[in-house]
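Asks: what's the 3D shape of this:
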Amino acid sequence: EVQVVESGGGLVQAGGSLRLSCTGSFTVDDWVIGWFRQAPGKEREGVSCINNRDSSIWYADSLKGRVSVSSDNAKNTVYLEMNSLNPDDTAVYYCATSAWGRTCPRNDFNYWGQGTQVTVSS
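Replies: Residues are numbered from 1 along each chain as shown. Okay, here's the model as predicted:
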């Protein structure tokens, strides 16, 4: 079973920044990795996606300019940098990955992490 582990969530004040990390028993430079979030009472939504095989990067329109995805192949870790956070960004953030299938953007990932809570206070 492929393991996916997110970290870096926490409590931050509005206007602040956070960097989430995603690592596990997959290969960052060869798998497609997506970031999603789910706020209380809302459906899960895509945040970002990265595929180093074809250099694809995708961001949700609602978050463009405030988020940045990157990878460190040596550390086998993908990062999601989020800036200018506001209370509407409060959600559980998930990392997901697949070794095959379509490139970014996509929702059909095979392996998901447990999520990391991000809470933005006003």
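
Asks: now do the SS call for the residue nearest the centre of the chain.
Replies: Centroid-nearest residue in the chain, with CA atoms, centre = their mean: residue 35, separated by 2.6 Å. Here residue 35 is recorded as strand under DSSP: H, G, I helix; E, B strand; the rest coil.

Asks: is it correct that it is in contact with residue 20?
Replies: Yes. With contacts counted by CB atoms under 8 Å, residue 35 reaches residue 20, the gap being 7.3 Å. All C-beta atoms are positioned from the backbone trio N, CA, C, and that covers glycine.

Asks: who touches both of these two?
Replies: 80, 93, 95 (CB atoms under 8 Å, 6 or more residues apart in numbering).

Asks: distance of the last one relative to residue 69?
Replies: According to CB to CB, to the nearest Å, residue 95 stands 10 Å off from residue 69.

Asks: ditto for the first one
Replies: Per CB to CB, residue 80 is found 5 Å from residue 69.

Asks: now, which of the shared contacts of residue 35 and residue 20 lie within helices?
Replies: Counting by DSSP state H, no part of the shared contacts of residue 35 and residue 20 is found in helices.

Asks: out of the residues you listed, which one sits closest to residue 5?
Replies: residue 95 (7.9 Å; CB to CB).
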